[in-house]
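A.B. asks: below are the sequence and a predicted model for it; my questions follow.
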Amino acid sequence: TAGLAWDEALTFHEALSRLFPSVNWLLPERHKEVILDSSTKEARSAVDRLSLLQGQAPPDPSTPLISGTLHEALLAYEEERRRDFIRPDGSFDNSGHHMLGIIRAVRDRSSDIPLAQLDFARCPALVGYWRDRPEHSRTKEPLSKKTCQNHIGEIKRFFVWLHLTGRFGWRKPADFEFLDTSIRELPSDRPSMGKMPVGTFSLDELTLLYRHAIPMERLLLVWGLNCAHGAAEFGRVEWGDLFLEQEHPWRKQGLKVETTEEDGWCGFIRPKSGVLGWWWLWPETVRLVEWWRAEWRRNLRREPAGGERVLLTKAGAPLYRDESRNAQTGFGNAWNRLLDRIEEAEGEGKIARLPFGTLRNQLPDWLGGGQVEAVVASVALCHGIPHAGDKLLYKHYSNRPWAGLFQAQRNFRAYLKPMFDSAPDVLTVFDPVADRVRTLWSEGVHDIPTLAERAGVSAMTVRRRLDDVGLLSIIPRGRSDRRHPLGHMPE
C-alpha cells in the first residue's frame with residue numbers, strides 16, 4: 001500500500017476484510033488518521049440525516065460518537081460492581097472492598113484516554129501492564145502472580161461490561177478473545193528451600209501464646225485452634241450457632257458420632273464458600289465462651305440474642321467489621337498486643353510474628369498430607385469440595401466425614417496438652433513478674449533487693465508479688481532488705 005492514496009488504501013482494506021474475514025487487517029499507519037477522520041465525518045453525517053428524519057435536533061458536532069474516557073468508564077464500572085456486593089438487607093459484603101480496590105488500582109495506573117481510542121492495540125496494553133508484574137507501591141517489589149491475575153480478571157470483566165452497556169457506545173474490537181493474559185514468571189516465584197510454604201507456630205510458641213494471653217486473647221487463640229477459624233469465620237459466628245451442653249443436633253437424625261449431653265458444638269455456614277461446617281468445642285473453648293457471655297452481658301447490659309454475633313466490642317459493634325476494607329483490624333490489634341507482650345517478657349525472637357490467621361492453618365498442618373487427612377482438613381476448613389482427588393464422593397453421594405473431624409479435634413487437643421498445662425486455669429492471667437520472682441525464689445534468691453534487681457522491678461513490686469503467693473510472711477523480719485554477699489539468704 002506504499003503507493004496508494006488514503007481512499008485507495010481504504011478500498012483495498014475493505015476488500016481484503018471481505019475476502020479474508022478471519023484476518024485482523026490493520027490500516028496503514030500513514031493513512032490511519034485521515035481514514036478515521038473521514039469515517040467519523042461520514043458517521044456524523046448519517047446521524048444528522050437520521051435526526052432530521054426523526055424530527056430531532058442533530059447532536060452537537062463536538063460530541064464524540066463513542067462518548068467518555070477510560071477513567072470515566074472505570075468509575076461507572078466501579079459503581080456497578082459496588083451494587084453486586086449489596087446484601088438483601090442493604091449491608092455491604094466485605095469481600096467487595098477487595099474487588100473495588102482492584103478497579104481503583106487499574107484506574108490509578110492507567111492513562112486516561114478517550115474510549116474511541118481504546119482499540120485492539122490499546123486493550124492488550126492495558127492488560128500487558130499487569131502481565132509484566134509491576135512494582136508494589138509501598139514495598140517496590142514485583143506484585144505477586146495471584147495479585148496480577150486478579151487485576152487482569154477484573155479488567156476482562158470491565159471490557160465485557162463496557163461492551164454490553166449502552167452508556168458509552170464502545171464495542172470490543174475483533175479478535176478480542178485472543179488477548180494474552182499469561183503472567184510473567186519471576187525467579188522469586190520458585191519455592192524456597194529455606195522457607196516453609198505455610199508458616200505455623202510450634203507447640204512451644206503456642207504455649208507462650210496461651211500462657212501470656214489474657215482471657216479475651218485466649219478465647220481468640222483457643223477458638224482458632226479448636227475450629228480452624230480465622231477472623232472472617234470466628235468474627236461472624238452468632239450465639240445461635242452455638243449448641244452447648246447437648247448431644248450433636250444431628251444425632252437424632254442418624255449422624256453416627258460419639259457425643260454426650262456434656263458436649264458443645266458450633267454449626268456455622270462459612271460466608272466465602274457457603275458451606276456448612278460443624279466443630280466439636282473443647283471444654284476449654286466452652287469455658288472461655290461462657291466467660292465471654294458473662295462479659296458480653298455486663299458490657300451491653302442485656303442478654304445476647306441468637307442472631308447477634310458472639311464477638312462484639314464494649315460499644316456493641318462487631319469485632320469483625322464487614323463494611324470496612326480492613327475488617328480484621330480488631331483481631332490484628334489484639335494479636336499484635338499479645339505478641340508485643342511476649343517479646344517484652346521473654347525477649348525478641350522467642351516467637352514468630354505470624355498473623356492471627358495462622359491459627360486457621362494449625363489443625364490442617366498438624367493432620368498431615370495424606371489423602372484421608374486432607375479430606376478431614378478440608379472439612380475443618382469448610383472448603384467447597386473436601387479433597388480435589390475425591391470430588392464426587394462427598395459432594396454428591398455422602399455426608400461429610402464429621403466423625404473423622406471430631407476425632408481429629410480430640411487428638412489435636414491431646415497434642416496441645418502442654419499448652420493447656422502452662423496455665424492452671426483457662427481464665428488465669430499470667431503475671432510474668434510474679435513468675436520470674438517465683439523462679440528466682442525456687443533458685444534460692446530470697447532477699448528482696450536481689451529479687452528486685454534480677455526481676456527488673458522495684459522492691460515494692462517484689463513485696464506485693466511475694467505477698468500474693470504467701471512467701472513474704474516466711475522472710476525473717478528485719479532481714480528482707482539485707483543483701484547477702486552471694487545474692488541470696490543464707491541457709
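C.D. replies: It's in.
A.B. asks: OK, contacts around the spatially most central residue of the chain?
C.D. replies: Centroid check for the chain by Cα atoms, centre = their mean gives residue 232 as the closest residue, at 7.2 Å. With contact set as Cβ atoms under 8 Å, 6 or more residues apart in numbering, residue 232 has these partners: 94, 271-272, 320, 327-328. C-beta: built from backbone N, CA, C; applies to glycine.
A.B. asks: count the neighbours of residue 126 for me.
C.D. replies: Other residues near residue 126 come to 20 when the count uses other Cβ atoms under 10 Å.
A.B. asks: quick one on the thing from earlier: how much space separates the residue nearest to the centre of the chain from residue 354?
C.D. replies: Distance, residue 232 to residue 354, using Cβ to Cβ, to the nearest Å: 17 Å.
A.B. asks: what do you get for residue 68?
C.D. replies: 46 Å.
A.B. asks: which of those two has more neighbours?
C.D. replies: A side-by-side neighbour count of residue 68 and residue 354, using other Cβ under 10 Å, places residue 68 first with 18 against 15.
A.B. asks: and that one, what does it touch?
C.D. replies: Applying Cβ under 8 Å, 6+ apart to residue 68 gives the contacts 114-115, 167-168.
A.B. asks: if we use 7 Å, what do you get?
C.D. replies: 115, 168 (Cβ atoms under 7 Å, 6 or more residues apart in numbering).
A.B. asks: same thing with residue 150?
C.D. replies: Counted by Cβ under 7 Å, 6+ apart, residue 150 has contacts residue 102.
A.B. asks: that one is in what secondary structure piece?
C.D. replies: Using DSSP states H and E, residue 150 sits within helix 145-164.
A.B. asks: pLDDT averaged over that helix, what's the number?
C.D. replies: In this model, helix 145-164 has a mean pLDDT of 93.
A.B. asks: gap between residue 242 and residue 230?
C.D. replies: 18 Å.
A.B. asks: isn't residue 360 up against residue 231?
C.D. replies: No - assessed by Cβ atoms under 7 Å, residue 360 is found out of contact with residue 231, at 8.9 Å.
A.B. asks: among the contacts of residue 232, who's most crowded?
C.D. replies: Neighbour max across the contacts of residue 232 (other Cβ under 10 Å) = residue 320, 23 neighbours.
A.B. asks: all helices for the stretch 251-400 of the chain, in order.
C.D. replies: 283-300, 329-346, 359-367, 371-381, 391-392 (DSSP state H, counting those that start in this stretch).
A.B. asks: out of those helices, nearest to residue 138?
C.D. replies: Using Cβ to Cβ as the measure, helix 329-346 is the one of the helices of the stretch 251-400 of the chain that comes nearest residue 138, at 17.2 Å.
A.B. asks: how confident was the prediction at residue 298?
C.D. replies: Predicted confidence (pLDDT) for residue 298: 91.
A.B. asks: can you pull out the helices in the stretch 1-150 of the chain?
C.D. replies: Under the criterion DSSP H, counting those that start in this stretch, helices of the stretch 1-150 of the chain are mapped to 6-19, 29-53, 70-84, 96-108, 122-131, 145-164.
A.B. asks: ok so, going back, mind giving me JSON lines with the helices of the stretch 251-400 of the chain and columns for distance to residue 427 and mean neighbour count?
C.D. replies: JSON lines is the format used below for the helices of the stretch 251-400 of the chain (distance: least, Cβ to Cβ, whole Å; neighbours: other Cβ atoms under 10 Å):
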{"stretch": "helix 283-300", "distance to residue 427": "6", "mean neighbour count": "17"}
{"stretch": "helix 329-346", "distance to residue 427": "16", "mean neighbour count": "17"}
{"stretch": "helix 359-367", "distance to residue 427": "20", "mean neighbour count": "21"}
{"stretch": "helix 371-381", "distance to residue 427": "26", "mean neighbour count": "21"}
{"stretch": "helix 391-392", "distance to residue 427": "44", "mean neighbour count": "10"}
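A.B. asks: export the ones you listed to JSON lines and tack on distance to residue 15?
C.D. replies: As requested, the helices of the stretch 251-400 of the chain are exported to JSON lines (distance: least, Cβ to Cβ, whole Å):
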{"stretch": "helix 283-300", "distance to residue 15": "77"}
{"stretch": "helix 329-346", "distance to residue 15": "63"}
{"stretch": "helix 359-367", "distance to residue 15": "63"}
{"stretch": "helix 371-381", "distance to residue 15": "59"}
{"stretch": "helix 391-392", "distance to residue 15": "53"}
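A.B. asks: so which of those comes closest to residue 451?
C.D. replies: helix 329-346 (16.6 Å).
A.B. asks: figure out how far that closest one is from the centre of its chain.
C.D. replies: Distance of helix 329-346 from the chain centroid (Cα atoms, centre = their mean, to the nearest Å) equals 19 Å.
A.B. asks: contacts for that helix?
C.D. replies: Contacts for helix 329-346 (Cβ under 7 Å, 6+ apart): 208-209, 212-213, 216-217, 220, 231, 235, 319-320, 350-351, 353, 355-356, 432.
A.B. asks: mind redoing it with 8 Å?
C.D. replies: 208-209, 212-213, 216-217, 220, 231, 235, 313, 319-321, 350-351, 353, 355-356, 432.
A.B. asks: buried subset of those residues?
C.D. replies: Neighbour counting by 16 or more other Cβ atoms under 10 Å classes 208-209, 212-213, 216-217, 220, 231, 235, 319-321, 351, 355-356 among the contacts of helix 329-346 as buried.
A.B. asks: okay, who's weakest in these by pLDDT?
C.D. replies: Within those, lowest confidence goes to residue 321 (88).
A.B. asks: gap between it and residue 354?
C.D. replies: 22 Å.
A.B. asks: also residue 223?
C.D. replies: 17 Å.
A.B. asks: could you do residue 96 as well?
C.D. replies: Plainly put, residue 96 is 27 Å away from residue 354 if you go by Cβ to Cβ.
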